[in-house]
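Student: Need the 3D shape of this:
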Amino acid sequence: MFELLQRYIEVRRGFLTRGGTMLDTSRVHPWLTEDGAKRARATLAEGRRCETRSTTDGQGTAGCP
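Tutor: Okay, here's the model as predicted:
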């Protein structure tokens, strides 16, 4: 169990400071950029696996639909 927790922390290190930039979108509202949603889908289609989504509230996250 400890090894699993260590891996969980290791994989997520740096997420809080990167936000939506991991998907090449705006940090708050990807649809406010010219082609934000399209670019986010394309980024995921490039082979970046997305098994889970989570949000951490800040700068408008709670207002996202």
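Student: Past the helix or strand bottoming out on mean pLDDT in the chain, which element shows up next along the chain?
Tutor: The weakest-scoring helix or strand in the chain, judged by mean pLDDT, DSSP states H and E, is helix 15-18 (a mean of 60). Scanning forward in sequence from helix 15-18 by DSSP states H and E, the next helix or strand is helix 36-45.
Student: How many residues are close by A40?
Tutor: A40 has 20 neighbours, counted by other Cβ atoms under 10 Å. For glycine as for every other residue, the C-beta is placed from the backbone atoms N, C-alpha and C.
Student: For it, give its distance to R7.
Tutor: Here the distance between A40 and R7 works out to 25 Å (Cβ to Cβ, to the nearest Å).
Student: Point out where the protein drops to low pLDDT.
Tutor: The chain contains residues with pLDDT under 70 at 14-31, 47-65.
Student: mind running it again at 80?
Tutor: 1-2, 5, 8-37, 39-65 (pLDDT under 80).
Student: number of nearby residues for E34?
Tutor: 7.
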